[in-house]
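**Q** Below are the sequence and a predicted model for it; my questions follow.
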Amino acid sequence: MVKAIRFHQPGGPEVMKLEDVDLAAPGAGEVQIRHTAIGLNYIDTYHRSGLYPLPLPHGVGMEAAGTVAAVGSGVTDYAVGDRVAYAAGPPNSYSEARNIETAKIVKVPDGVDDKTAAAMMLKGMTAQYLIRQVYKVQKGDTILIHAAAGGVGLIVCQWAKALGATVLGTVSSDAKAELAKANGCDHPIIYTRDNFVEKTLEITGGKKLPVVYDSIGKDTWPASLDVLRPRGMMVSFGQSSGPIPPVDLGIFAQKGSLVFTRPTLMTFSATKEGLAEMAADLFEAVKSGKVRINIEQTYALADIVKAHQDLEGRKTTGSTVILP
């Protein structure tokens with residue numbers, strides 16, 4: 001038996017319960033991981049609330065790091081004692097241990113501790129596909145990232161800055177503006193006080209941007225389109241304020257032949273080779289010092305309800321780690 005967070009009906013944070021769960025031996029092509037640190041991500045609230053439906057009852061959590069405790073038949077590339085991490089479904093990382101396919105995990109290199117690995121996989125690889133694949137940030141670019149003081153935002157700010165970009169980022173408070181600025185955001189914009197479209201154009205001298213990265217959704221739509229240059233790219237990768245309402249596709253033509261995309265990490269990391277390449281790029285950025293993983297909050301697994309309340313209440317910054 002292991003302790004794991006489960007929910008039996010969709011709803012608010014209170015539907016999650018810490019339960020004793022049977023854990024079988026790993027199957028063919030699987031390893032059993034004893035978790036040492038677990039990542040908290042906004043997608044976890046979508047699964048819990050039913051926005052992204054799961055068969056019930058179900059576990060929660062997409063990201064964790066730990067040690068291989070057992071290997072299933074046919075597994076040759078991992079051994080008991082290996083340090084590994086992952087950011088993949090099905091959700092069940094909010095647990096002391098779990099079984100998972102080897103195609104979904106990577107080895108954690110020396111120089112990266114377990115808490116950092118758990119905090120960086122989903123958010124860091126999201127940042128990787130955003131700025132290295134969806135729109136390849138180049139030296140001289142000026143970009144806008146919403147929620148710049150969040151887990152993905154802080155990584156994007158640092159990494160894009162290291163690539164030679166000028167980074168604008170929206171935040172909700174002076175404290176978050178200071179945090180974003182300390183992590184590579186050249187121009188934090190406090191959207192609760194300033195109109196971010198007007199402020200962006202003021203900062204750039206009226207020049208519009210090649211790309212906007214947006215995990216907010218409803219509240220930043222469609223104003224984000226107004227800071228994009230002709231043929232610019234709107235990258236929607238989350239919806240913390242709610243989903244974007246139905247869209248008349250003609251708006252992209254009207255505002256300059258814009259490109260809209262709604263990418264997901266699961267698509268970009270769907271193959272073992274793709275996952276390995278993304279993780280290697282991310283680990284190199286962290287080990288080189290280009291990117292620091294900011295773990296700003298830590299909760300016990302038994303306090304997961306509080307963790308979700310704080311996350312949804314926008315009380316968290318940077319990355320959050322759950323300790324089993």
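**A** In hand now; what should we look at?
**Q** and the closest residue to Ser257 other than its chain neighbours, what does it touch?
**A** In space, not counting the residues next to it along the chain, Ser257 is nearest to Arg231; the distance is 5.2 Å by C-beta to C-beta, 6 or more residues apart in numbering. In short, each C-beta sits where N, CA and C put it, glycine included. Taking C-beta atoms under 8 Å, 6 or more residues apart in numbering as the criterion, Arg231 is in contact with Gly256, Ser257, Leu258, Val259.
**Q** helix, strand or coil for the residue lying closest to the last one once chain neighbours are set aside?
**A** Read that as Val259. Counting by C-beta to C-beta, 6+ apart, Val259 lies nearest to Met233, which is 4.5 Å off, once chain neighbours are set aside. Three-state assignment for Met233 (DSSP: H, G, I helix; E, B strand; the rest coil): strand.
**Q** Test my guess that Met233 contacts Gly256.
**A** No: the pair Met233 / Gly256 is not scored as a contact, 11.2 Å apart, by C-beta atoms under 8 Å.
**Q** Between the two, tell me which one has more neighbours.
**A** Neighbour totals were compared for Met233 and Gly256, and Met233 leads with 18 against 13 (other C-beta atoms under 10 Å).
**Q** Wasn't Ala65 part of a strand?
**A** Yes: the assignment for Ala65, made by three-state DSSP, places it in a strand.
**Q** quick one: it and Ala279, what's the gap?
**A** Spatial separation of Ala65 from Ala279 under the definition C-beta to C-beta, to the nearest Å is 12 Å.
**Q** Have a look at those two and say which one is more surrounded.
**A** Taking neighbours as other C-beta under 10 Å, Ala65 and Ala279 compare with Ala65 leading, 30 against 25.
**Q** circling back: need the overlap of contacts for Ala65 and Ala279.
**A** When contacts are counted by C-beta under 8 Å, 6+ apart, Ala65 and Ala279 are jointly contacted by Met121.
**Q** Skipping its backbone neighbours, what lies nearest Gly61 in space?
**A** Excluding the flanking residues, the one nearest Gly61 by C-beta to C-beta, 6+ apart is Ser93, at 3.3 Å.
**Q** What is the burial count for that neighbour?
**A** For Ser93, the number of neighbouring residues by other C-beta under 10 Å comes to 34.
**Q** Same check on Ala103?
**A** Number of residues near Ala103 (other C-beta under 10 Å) recorded here: 16.
**Q** What score does it have for pLDDT?
**A** In the prediction, the pLDDT value recorded for Ala103 is 93.
**Q** My read is that it contacts Gly29, right?
**A** Yes: counting by C-beta under 8 Å, a contact exists between Ala103 and Gly29, whose distance comes to 7.5 Å.
**Q** Mind giving me the packing neighbours of the host helix or strand of Ile322?
**A** Assignment of secondary structure by DSSP states H and E places Ile322 within strand 319-323. In this structure, strand 319-323 makes packing contacts with strand 30-39, helix 114-129, helix 151-162, strand 295-300, helix 304-312, judged by 3 or more C-beta pairs under 8 Å, 6 or more residues apart in numbering; DSSP states H and E.
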